[in-house]
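Peer 1: Have a look at this fold, sequence not included:
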Ligand code: HEM
């Protein structure tokens, strides 16, 4: 194409293209590159043409103006096997199947009504968390908040999906955690076949990746199948509320409300995988980063505690209905999402048809990565972008639902996270209870500036804090 106007690119190396530019924290390397090459940049990752978007303005053009042209997902080798050949929601290409499964998930699994019906699960799991932290408070010993908050979200999602708690189930939750972690590690592993067609699979076979992926797939499949079989067994006692497997099994049985495609148990397992990958890490990471930012700034911590304690009084715990009034806490959460979006590059998209961004041509089958992490730090959109200032959201209309392109923790457009309500409810309730029930001190000898705010390196879809957050709780209520 003679007249094509491609986005700017850094110099590339033969064969590997720009892969060497990615570094251990790809969103940070891409942010640095965007300062030189601009908010719309073209990279070649091996053979894969990839456009990186790093400003709110360009993100709006891609995710809003040209949402339809850019809303597919690249058929990556990493997730292919683990999602039963893209029979899930998150990695499925755009088309009839994705539209139908998305409709079901939005209406049946993530609706406000459904999420509210799980209020008792949330409250019981939070009570369990508070009780376990109270043990540390009585001995004034530091508590590993990273571990506790991951246990909280895993416990909630496990019960919401499977209708039974870790404690009351026949399923070994240590085994379950191992399976989920192995899936995440495999998805995040460097996969040569992604970038080098025809020859990459040889590298993956030699490095053992293919074999590891196959093993992880078999473990995950066996686990999900045993839970499904348990739900189908005639002797099973019915729970008060349908869990996610009940809802999906009903749809598979009746095949109702689903268009041309035929749903099977494989689709249930693939969607369950999305729920575990999407639901556990994201909310836990957000709470860990928020507590770390507050521990660094005791005056903000005190302000948030005063708000929640004044609002809830002596009730003993914060419940679902209370969080609506916690305006300062909501500002803290937005500020945490701005500086620490759990999925810094969202999920990769793939263009379906030609369109233009800032005058540059984007051709079909181009991978598109929106760097939400870089956009949250863009001085064009934010004053003092590196500072943690929740008050910046006072009297501001900016929210996280995908309409304000300077703040995109859940993405935007057709592929926006379908579980925003579920995610924010968990984060709000978890943080509100931690702030209500305890005062938080730093372990002996540690100063605010000693708190490690570095991110852990890796190719995984989410970013965590490099070191676990350990704080000493003092019981308040
Ligand atoms: C703080 C919590 C959460 C954050 C920050 C978050 C973030 C995201 C992001 C950035 C995307 C990609 C959006 C895009 O491509 O434009 C996404 C998609 C998705 N999320 Fe979430 N998420 C959260 C909670 C959850 C939960 C609790 C679930 C399920 C239980 C979930 C399930 C999904 C699914 C299935 C998709 C794929 C949607 C599609 O491709 O059509 N997420 N999420």
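Peer 2: Received it, and whenever you're ready, just let me know what you need. Treat the numbers as computed from the prediction; the structure is a model and nothing was measured. Numbering: from 1, shown residues only.
Peer 1: How many residues are close by residue 455?
Peer 2: 18 (other C-beta atoms under 10 Å). In this view, the C-beta of every residue, glycine as well, is placed from N, C-alpha and C.
Peer 1: now it: how far from the ligand?
Peer 2: The spacing between residue 455 and the ligand, counted by C-beta to the nearest ligand atom, to the nearest Å, is 15 Å.
Peer 1: Stretch 232-249: how far from the chain's middle?
Peer 2: 27 Å (C-alpha atoms, centre = their mean, to the nearest Å).
Peer 1: Kindly state the pLDDT recorded for the nearest residue to residue 221 once chain neighbours are set aside?
Peer 2: The shortest distance from residue 221 to any residue other than its chain neighbours is 6.5 Å, reached at residue 269 (C-beta to C-beta, 6 or more residues apart in numbering). With respect to pLDDT, residue 269 has a value of 93.
Peer 1: Equivalent analysis for residue 460, please.
Peer 2: Reading off the model, residue 460 has pLDDT 68.
Peer 1: residues contacting the closest residue to residue 196 other than its chain neighbours?
Peer 2: Leaving aside its chain neighbours, residue 196 sits nearest to residue 46 (5.0 Å; criterion: C-beta to C-beta, 6+ apart). Counting by C-beta atoms under 8 Å, 6 or more residues apart in numbering, residue 46 touches 15-17, 19, 192, 194-196, 200.
Peer 1: Verify the contact between residue 255 and residue 263 for me.
Peer 2: Yes: Residue 255 is within contact range of residue 263, at 6.6 Å (criterion: C-beta atoms under 8 Å).
Peer 1: which parts of stretch 239-253 are buried?
Peer 2: Neighbour-count burial for stretch 239-253, counted by 16 or more other C-beta atoms under 10 Å, picks out 242-249, 251-252.
Peer 1: can you tell me if that stretch touches the ligand.
Peer 2: No: judged by C-beta under 6 Å from any ligand atom, stretch 239-253 makes no contact with the ligand; its nearest approach is 8.4 Å.
Peer 1: How far away from the center of its chain is that stretch?
Peer 2: The chain centroid and the centroid of stretch 239-253 are separated by 24 Å under C-alpha atoms, centre = their mean.
Peer 1: which residues touch it?
Peer 2: Stretch 239-253 is contacted from outside by 104, 108-109, 117-118, 159-164, 227-228, 231-232, 257-258, 263-265, 267-268, 271-272, 275, using C-beta under 8 Å, 6+ apart.
Peer 1: Ok, stretch 417-428 next?
Peer 2: Stretch 417-428 is touched from outside by 89, 102, 105-106, 109-110, 112, 115, 122, 153, 156, 278-279, 282-283, 286-287, 290, 320, 323, 326, 329-330, 333, 400-401, 410-411, with contacts defined as C-beta under 8 Å, 6+ apart.
Peer 1: Quick check on residue 255 and residue 263: which one has the bigger neighbour count.
Peer 2: Neighbours per residue, other C-beta under 10 Å: of residue 255 and residue 263, the larger number sits with residue 263, 21 against 10.
Peer 1: Near the ligand, list only the ones from the contacts of stretch 239-253.
Peer 2: Among the contacts of stretch 239-253, proximity to the ligand is found for residue 275 (C-beta under 6 Å from any ligand atom).
Peer 1: Just the buried ones from the contacts of stretch 239-253?
Peer 2: Among those, the ones that count as buried by 16+ other C-beta under 10 Å are 104, 108-109, 118, 159-164, 227-228, 231, 258, 263, 265, 267-268, 271-272, 275.
Peer 1: Next up, identify which helix or strand residue 284 is on.
Peer 2: In the assignment (DSSP states H and E), residue 284 maps to helix 281-296.
Peer 1: helices or strands next to that helix in the packing?
Peer 2: On a contact count with 3 or more C-beta pairs under 8 Å, 6 or more residues apart in numbering; DSSP states H and E, helix 281-296 meets helix 145-162, helix 298-312, helix 327-339, helix 420-437, strand 438-441.
Peer 1: Put together CSV for the ones you listed, with mean pLDDT on each row.
Peer 2: Formatted as CSV, the helices and strands packed on helix 281-296 follow (pLDDT from 0 to 100):
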stretch, mean pLDDT
helix 145-162, 90
helix 298-312, 98
helix 327-339, 98
helix 420-437, 97
strand 438-441, 97
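Peer 1: Tell me which of these lies nearest to residue 467.
Peer 2: Evaluated over these, closeness to residue 467 peaks at helix 145-162, with 8.4 Å, by C-beta to C-beta.
Peer 1: And that closest one, what does it pack against?
Peer 2: helix 119-138, helix 173-188, helix 244-254, helix 265-279, helix 281-296, helix 420-437.
Peer 1: so how far is residue 219 from the residue of the stretch 251-400 of the chain found nearest the ligand?
Peer 2: Closest to the ligand within the stretch 251-400 of the chain is residue 278: 2.8 Å, counting by C-beta to the nearest ligand atom. Separation of residue 278 from residue 219 (C-beta to C-beta, to the nearest Å): 20 Å.
Peer 1: Of those two, which one has the most company?
Peer 2: Set residue 278 next to residue 219 and count neighbours by other C-beta under 10 Å: residue 278 wins out with 23 against 15.
Peer 1: so what's that one up against?
Peer 2: 90, 417, 419.
Peer 1: With residue 211 instead?
Peer 2: residue 205.
Peer 1: change the start of the numbering to 690 and stick with it
Peer 2: Done: numbering now begins at 690, and the last item shifts to residue 900.
Peer 1: Return the distance of it relative to residue 871.
Peer 2: When residue 900 is compared with residue 871 (using C-beta to C-beta), they lie 13 Å apart.
Peer 1: Spell out which residues of the stretch 890-1039 of the chain are next to the ligand.
Peer 2: Counting by C-beta under 6 Å from any ligand atom, the positions of the stretch 890-1039 of the chain adjacent to the ligand are 963-964, 967-968, 971-972, 975, 1031-1032, 1035-1036.
Peer 1: Throw these into TSV and include pLDDT, thanks.
Peer 2: Below are these laid out as TSV (pLDDT from 0 to 100):
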residue	pLDDT
963	93
964	92
967	89
968	88
971	93
972	96
975	97
1031	95
1032	94
1035	95
1036	94
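Peer 1: gap between the two ends of stretch 762-778?
Peer 2: One end of stretch 762-778 to the other measures 10 Å (C-alpha to C-alpha, to the nearest Å).
Peer 1: any residues touching it, and which ones?
Peer 2: With C-beta under 8 Å, 6+ apart as the contact definition, stretch 762-778 has outside contacts at 737, 779-783, 786-787, 790-791, 794, 872, 875-878, 880, 882-883, 893, 902-903, 905-906, 909, 955-956, 958-960, 962-963, 1036-1039, 1056, 1104, 1107.
Peer 1: Much appreciated, bye for now.
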